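What follows is a predicted protein model with its sequence.
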Amino acid sequence: MAALVLLLVLAGLVLLWLARRLRVRSGLPDGWLVATDTGAGRPLNRPLFARRYSLTGRPDYIVADGADRIPVEVKSARAPAHPYPAHVLQVAAYCLLIAETFQRRPPYGILRYADRTFRIPYTRELEKQLLSVLEAMRADLTNGDAPRRHQDPRRCAVCGYREMCDEALS
C-alpha cells in the first residue's frame, strides 16, 4: 500500500514538472487562462468590442495575471530579431480591447512566435500610435484608397478579401 502511495506521489510530481515545462515553452505568462480562441480551453465566445473606437478582435489567449488580463497573440512563424510592427500593433489593439472590456488597462501583451516570446509593454505612446494607424486606415477606406502593400502571393492566397480584390497576386 505504501509503495502505491509513493508511486502515485511520484507520478503526480512528474506530471506537475511536465506541465510547468510545457507552460514555460508555450510562452504564456503565469496566471489563469481566462479565455482562448484556439479551440482548446475556455472559449472566447464572442469577439471583444470597443464601441468608442469601433474596434473588434479576438486574441488567441487571455491570461489573468493577478487583477490584470493579458492578451496573447500566437504566430506560427519563427521569430524575427525584433517583432514586426504590424504584430506589435495587433497586440496593442488587443490591449485596448481588454482595457475597454474589463475597465482595467493591461500593462503589457504577449507576442508568441514559434521559437520566441516578446513581452510588449502597453504604453501610452503605443496606444497613440495604434489610434493614429486606425484613423489612417479608416481614412483610406473612406477615400477608397487602400492599396495592397505587399508582394507576397501567399498572403493574398489566404486573404479574406481575395475574391473582391482587383490587386490580388496570382
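Happy to help now that I have it.

So which residues of the chain form helices?
In the chain, the helices defined using DSSP state H lie at 2-26, 85-102, 124-143, 153-157.

Could you measure from the residue nearest the centre of the chain over to Glu100?
Taking Cα atoms, centre = their mean, the centroid of the chain lies closest to Glu73, which sits 1.9 Å from it. Counting by Cβ to Cβ, to the nearest Å, the gap from Glu73 to Glu100 is 17 Å. All C-beta spots, glycine's among them, are computed from the backbone N, C-alpha and C.

Find the nearest non-adjacent residue to Pro59, please.
Pro71 (3.9 Å; Cβ to Cβ, 6 or more residues apart in numbering).

bridging residues for that neighbour?
Ile62 (DSSP bridges).

Not including adjacent chain positions, what is the nearest residue to Cys95?
Tyr122 (4.1 Å).

give the contact list for the one you found.
Val91, Ala92, Cys95, Arg105, Pro106, Pro107, Tyr108, Gly109 (Cβ atoms under 8 Å, 6 or more residues apart in numbering).

try 6 Å this time
Cys95, Pro106, Tyr108, Gly109 (Cβ atoms under 6 Å, 6 or more residues apart in numbering).

Out of those, which sit inside strands?
Using DSSP state E, Tyr108, Gly109 are the members of the contacts of Tyr122 that sit in strands.

The contacts of Tyr122 into TSV, with extra columns for pLDDT?
Converted to TSV, the contacts of Tyr122 look like this (pLDDT from 0 to 100):
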residue	pLDDT
Cys95	98
Pro106	97
Tyr108	97
Gly109	97
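
wouldn't Tyr113 be in contact with Ala79 here?
Yes. Between Tyr113 and Ala79 a contact is recorded at 3.5 Å, counting by Cβ atoms under 6 Å.

and the helices of the chain, which one is worst for confidence?
Among the helices of the chain, helix 2-26 carries the lowest mean pLDDT, a mean of 61.

Any idea how many residues pack against Gly109?
25 (other Cβ atoms under 10 Å).

Might you report the residue contacts of the closest residue to it other than its chain neighbours?
Leaving aside its sequence neighbours, Gly109 sits nearest to Val91 (Cβ to Cβ, 6+ apart; 3.8 Å). By Cβ under 6 Å, 6+ apart, the residues touching Val91 are Glu73, Gly109, Leu111, Ile120.
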